[in-house]
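Q: This is a predicted model, with the sequence first.
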Amino acid sequence: MDPKSDEHTKVSAAWRAKLDLTAIVALLALTLSAVSFYVSYVYTKQQLDVTVTEVSYVTNRGELYMTVAFSNAGNRDAALLRVEPALWGRGSGQNPEWLPLSDRVHPDIAVTSPKAPLVVKAGGVELVTLSAMLPSTVAEQAEGAARGGAYVGVRVATMNSDGNLYLLQHSVARLVVDRQGRIQGAEATIHRSLSGFVDLAGGPPGDMLQSNKKTPFVWADSQS
């Protein structure tokens, strides 16, 4: 065999391998660019998870505090239009409903902080604290108290990037009331994250699940 011909064959094979590798890299880069474009501009994922992390009721002072986490696992921003604590009771209608609590615990402390409306960025998390007055006498006379428990919950109004509106209402804690009609403590009535992009008007007693990693810390002192 001609040594020059053999050397030429090896050089040609090396160039072909290099060209093949370059083509593969270029194809991968093109594919990655196309996928990135699709995810950024074409594909839409709307997902907002609502998780109550803490509920505290200072019974003898009538102060109710909650912390709610909003996690946006989608690739579009979400809007929180309203977030407020609520008490299960009877308003102007015949049937019980979630009645928003809007009285401040202090003139300088807003019921909702940060103040709504606000935006939860895609891939981001927002923590919202709720602070409202709930006199123990009111809670002890609320719907269900005579049967052993008054319920506090949360009301959340949201909007996704398509402009669709949603209202979420759910029980988060039960204030335990004894036979004498006095508050003795509290227990969680929610053990999961809720979707912020559904209409849900769930009344007490809650989701009835077992305590887990998403069960909020719930506390209330006894009525003295």
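A: All right, it came through fine.

Q: Helix, strand, or coil at H170?
A: strand (DSSP: H, G, I helix; E, B strand; the rest coil).

Q: In contact with it: list those residues for me.
A: Taking C-beta atoms under 8 Å, 6 or more residues apart in numbering as the criterion, H170 is in contact with G153, V154, I190, L194, L200, G202, G206, D207. (Each C-beta comes from the backbone N, C-alpha and C, glycine too.)

Q: So which of the residues you listed is the closest to E84?
A: Ranked by distance to E84 (C-beta to C-beta), these are led by V154 at 7.3 Å.

Q: Give me the pLDDT for the closest one.
A: According to the prediction, V154 has pLDDT 98.

Q: could we number from 624 for the rest of this?
A: Renumbered: residue one is now 624, and that last one reads V777.

Q: who does it bridge with?
A: Assessed by DSSP bridges, V777 has beta-bridge partners P708, H793.

Q: any idea how far Q803 is from it?
A: 29 Å (C-beta to C-beta, to the nearest Å).

Q: Find the residue at the geometric middle of the protein.
A: By C-alpha atoms, centre = their mean, the chain has its centre lying nearest to V673, at 1.3 Å.

Q: quick check: domain ranges of the chain?
A: 624-666, 671-843 (automatic domain parsing).

Q: shaky segments in this structure?
A: 624-644, 650, 653-666 (pLDDT under 70).

Q: Now do the strands in it.
A: Per DSSP state E, the chain carries strands over the ranges 671-681, 686-695, 701-713, 719-723, 735-736, 741-743, 748-756, 772-782, 788-800, 806-811, 817-818, 823-824, 840-843.

Q: For those strands, give me JSON lines that also has distance to S834.
A: Listed next are those as JSON lines, based on distance: least, C-beta to C-beta, whole Å:
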{"stretch": "strand 671-681", "distance to S834": "13"}
{"stretch": "strand 686-695", "distance to S834": "18"}
{"stretch": "strand 701-713", "distance to S834": "21"}
{"stretch": "strand 719-723", "distance to S834": "23"}
{"stretch": "strand 735-736", "distance to S834": "27"}
{"stretch": "strand 741-743", "distance to S834": "27"}
{"stretch": "strand 748-756", "distance to S834": "22"}
{"stretch": "strand 772-782", "distance to S834": "17"}
{"stretch": "strand 788-800", "distance to S834": "13"}
{"stretch": "strand 806-811", "distance to S834": "7"}
{"stretch": "strand 817-818", "distance to S834": "17"}
{"stretch": "strand 823-824", "distance to S834": "21"}
{"stretch": "strand 840-843", "distance to S834": "10"}
